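In: compute the structure for the input listed below.
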Amino acid sequence: MKSPEDQEDEECEFLTALFEQNSALKKLYKLSQGFIEMLSNQEADLFDSWLVNAEKCGIKSFENFAAGIRTDYDAVKNAIASSWSN
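Out: Below you'll find the predicted structure:
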């Protein structure tokens, strides 16, 4: 998945139109991009708020994903902070 700054104008326009039609998809996109950025930038300090948002996003499959991450909280947070996982 391309980061927003790497997208062509047409891709941005397509996503904007898609998100106007489907707010759940927009929410998933933002949560996914947030997770990717956390990993890429080793921003473990953002993990707690990201996880709470994911757990309460209202999309059952993503909430289940977040619950799985919660069970391995320490390992995931340490992996985000580690340069070995990036």
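
In: summarise which helices and strands the longest helix along the chain is packed against.
Out: Criterion DSSP state H: the longest helix present in the chain is helix 23-41. Using 3 or more Cβ pairs under 8 Å, 6 or more residues apart in numbering; DSSP states H and E, the elements in contact with helix 23-41 are helix 9-21, helix 47-55. All C-beta atoms are positioned from the backbone trio N, CA, C, and that covers glycine.

In: let's see it at 10 Å
Out: Contacts defined by 3 or more Cβ pairs under 10 Å, 6 or more residues apart in numbering; DSSP states H and E place helix 23-41 against helix 9-21, helix 47-55, helix 60-71, helix 73-81.

In: list the contacts of it.
Out: Outside helix 23-41, the residues within contact range by Cβ atoms under 10 Å, 6 or more residues apart in numbering are 1-4, 15-16, 18-20, 22, 43-47, 49-51, 53-54, 57-59, 61-62, 65-66, 69, 76-77, 79-81, 85-86.
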